[in-house]
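A.B. asks: I would like to see how this sequence folds:
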Amino acid sequence: MRILNTVGILALSAAASAQSFNIDVGQNQSAPLPSNTYGAAANQTGQWVSCPTSGGAPVILNEINNLPTGVTITATGGFGDFFVNNPNWVGDDANLMEDASDVGNASQGGGGGLITWTVVNLAPGQYSIYTYALAPDFPGTYSTIVDLPGAPEGAQTLTGNWLGSPHVLGQSYAKHTTTILTGQTLTILTSRPATPSTNFGTVNGFQIVKETLGTPLCFGDGSLATPCPCGNNGQPGNGCDNSIGTGGSNLVANGSTSLDTVVLTASGELPTALSIFLQGTTNLATPVIFGDGVRCAGGSLKRLYVKNAVGGVVSAPSVGQPSVSAQSAALGDVIAPGTSRWYQVYYRDPNLAFCAAPAGGSFNVSNGVQLDW
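C.D. replies: Purely as a prediction, here's the structure:
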């Protein structure tokens, strides 16, 4: 018999480069990577990244759009990778689940019973984490307990004679949700008591899904009644384009407004741009030209945070800074439950020749996000 006694740790350290990832654990030789059209349990299509665990070397992760990032995943412990053909699993199900990492159990010694999965440089925000941990050889006999301390879902046991897609919660995968703040690390435990000691187990893969909060709006992509000031339309969903041609800045919100774990993140700015996080009490019916962009946040405007971008990305609040609602209250705008606020980030873009006067200016602005508190 083979059953998993694993303690797997995902240390998710916040930085500004990560978004969403599909990770196929194993050597991916007998069962290659799933196709880009395979969304698995998260329904998240896109690039899958191979994560071999033998040797414990860091694996650089590409996002689901296959863009490189500074995010890495490192596996420590267990007995390396293996492959077992399961006749009930075909196609991309087999590609994800049949090659995997062998964790063993504590009675075996030498790393058995513990795998540490360390993911670093994830951006702050709200995440859903899907863990695939079902043995391809005896899925109905072996089981894995997956837990994320502090997550509302609690510990989940994976076992069962899963016959292929659709994936089944509690059989082929576990799901947990959590909010990651800048600089925060997080631990996920996958375990099984070593009784009987002949039981072993498997980790097949992960999907890390960065969730968004609120309603995006005020796009500088040509969809507004007020156009970008010099025909500098951005990419869909972004603000107006800037002088270095990133396609405009994109603002997203993550976290919760009920607990106020909100983190605002703008990307696509100039690399080190001075950036101001703006809050408004209304959404302008007619947007106004604002520097090289378009502003929809109106009413009583508050400059919540002032920060410099790193690599064109900027997030607020950081660890140690007041929350969005606390900072708003400190500036004289107490956000009452049941009300909304509108957010944009404007940032320095000193190339005056890009959007020549009188239309343009020395700064640009992201799209907007409406948050309901």
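A.B. asks: Just checking, which helix or strand succeeds the host helix or strand of Q207 along the chain?
C.D. replies: Using DSSP states H and E, Q207 sits within strand 205-211. As assigned by DSSP H and E, the chain's next helix or strand after strand 205-211 is strand 215-217.
A.B. asks: So what touches the very next helix or strand once past that next one?
C.D. replies: Sequence order places strand 250-254 as the next helix or strand after strand 215-217, per DSSP H and E. By Cβ atoms under 8 Å, 6 or more residues apart in numbering, the residues outside strand 250-254 that reach it are 124-126, 179, 210-214, 216, 237-239, 262-268, 343-345, 366-369, 371. For every residue, glycine as well, the C-beta is placed using N, CA and C.
A.B. asks: Repeat that for stretch 82-102.
C.D. replies: Stretch 82-102 has contacts (Cβ under 8 Å, 6+ apart) with 24-35, 38, 40, 48, 53, 75, 78-81, 115, 132, 134-137, 139, 161-165, 172, 200-205.
A.B. asks: Could you tell me the end-to-end distance of it?
C.D. replies: From its first residue to its last, stretch 82-102 covers 7 Å (Cα to Cα, to the nearest Å).
A.B. asks: where along the stretch 51-200 of the chain do the strands fall?
C.D. replies: Taking DSSP state E, counting those that start in this stretch as the criterion, the stretch 51-200 of the chain carries its strands at 59-62, 68-77, 81-83, 99-102, 115-122, 125-132, 144-147, 156-158, 173-180, 189-191.
A.B. asks: would a markdown table of those with mean pLDDT and distance to P287 be doable?
C.D. replies: Shown next, in a markdown table, are the strands of the stretch 51-200 of the chain (pLDDT from 0 to 100; distance: least, Cβ to Cβ, whole Å):
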| stretch | mean pLDDT | distance to P287 |
| --- | --- | --- |
| strand 59-62 | 92 | 35 |
| strand 68-77 | 85 | 33 |
| strand 81-83 | 94 | 53 |
| strand 99-102 | 92 | 51 |
| strand 115-122 | 81 | 33 |
| strand 125-132 | 85 | 26 |
| strand 144-147 | 80 | 46 |
| strand 156-158 | 89 | 46 |
| strand 173-180 | 81 | 31 |
| strand 189-191 | 68 | 48 |
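A.B. asks: Which one of those strands lies nearest to V334?
C.D. replies: Closest to V334 of these is strand 173-180 (Cβ to Cβ; 23.1 Å).
A.B. asks: Who are the packing partners of that closest one?
C.D. replies: Contact partners of strand 173-180 among helices and strands, from 3 or more Cβ pairs under 8 Å, 6 or more residues apart in numbering; DSSP states H and E: strand 10-14, strand 125-132, strand 144-147, strand 156-158.
A.B. asks: about what we covered before: just the buried ones among the contacts of strand 250-254, please.
C.D. replies: Among those, those classed as buried by 16 or more other Cβ atoms under 10 Å are 124-126, 179, 210, 213-214, 216, 237-239, 262-268, 343-345, 366-369, 371.
A.B. asks: measure S50 to G80 for me?
C.D. replies: Distance, S50 to G80, using Cβ to Cβ, to the nearest Å: 14 Å.
A.B. asks: same check, this time on S128
C.D. replies: For S128, the distance to G80 - Cβ to Cβ - is 28 Å.
A.B. asks: what about the two, which has more around it?
C.D. replies: S128 (18 against 15; other Cβ atoms under 10 Å).
A.B. asks: Can you show me the CA trace of the strand holding Q207 as PDB?
C.D. replies: Coordinates of each C-alpha in strand 205-211 appear next as PDB, following Å, rounded to 0.1, in the frame of the first residue of the first chain:
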ATOM      1  CA  GLY A 205       0.300  20.000  -9.100                       C
ATOM      2  CA  PHE A 206      -1.000  23.400  -8.100                       C
ATOM      3  CA  GLN A 207      -3.000  26.200  -9.600                       C
ATOM      4  CA  ILE A 208      -2.400  29.600  -8.000                       C
ATOM      5  CA  VAL A 209      -5.200  32.000  -9.000                       C
ATOM      6  CA  LYS A 210      -4.900  35.700  -8.200                       C
ATOM      7  CA  GLU A 211      -8.400  37.000  -7.600                       C
END
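A.B. asks: ok, now which ones touch the nearest residue to I244 once chain neighbours are set aside?
C.D. replies: Leaving aside its chain neighbours, I244 sits nearest to L270 (5.9 Å; criterion: Cβ to Cβ, 6 or more residues apart in numbering). Going by Cβ under 8 Å, 6+ apart, L270 touches N242, S243, I244, A309, G312, Y347, R348, D349.
A.B. asks: Ok, P32 next?
C.D. replies: P32 neighbours (Cβ under 8 Å, 6+ apart): N95.
A.B. asks: Surely it is within a strand?
C.D. replies: No: under DSSP: H, G, I helix; E, B strand; the rest coil, P32 sits outside any strand and is assigned coil.
A.B. asks: confidence score at it?
C.D. replies: For P32, the pLDDT comes out at 95.
A.B. asks: Can we start the residue count at 43 from this point?
C.D. replies: Yep, numbering from 43; the last one is P74 now.
A.B. asks: mind checking how far it is from S357?
C.D. replies: 36 Å.
A.B. asks: Just say helix, strand or coil for the residue nearest to I286.
C.D. replies: coil.
A.B. asks: Residue ranges in this structure under the pLDDT threshold?
C.D. replies: 43-60, 166-167, 221-229, 232-233, 235, 399-402 (pLDDT under 70).
A.B. asks: Got the domain ranges for it?
C.D. replies: 52-253, 257-414 (automatic domain parsing).
A.B. asks: what about the strands in the stretch 293-415 of the chain?
C.D. replies: 305-309, 316-322, 324-332, 335-340, 344-350, 356-358, 382-390, 405-407, 410-414.
A.B. asks: Work out the sheet partners of the third one and label each with its direction, please.
C.D. replies: Taking DSSP bridges as the criterion, strand 324-332 pairs within the sheet with strand 335-340 (antiparallel).
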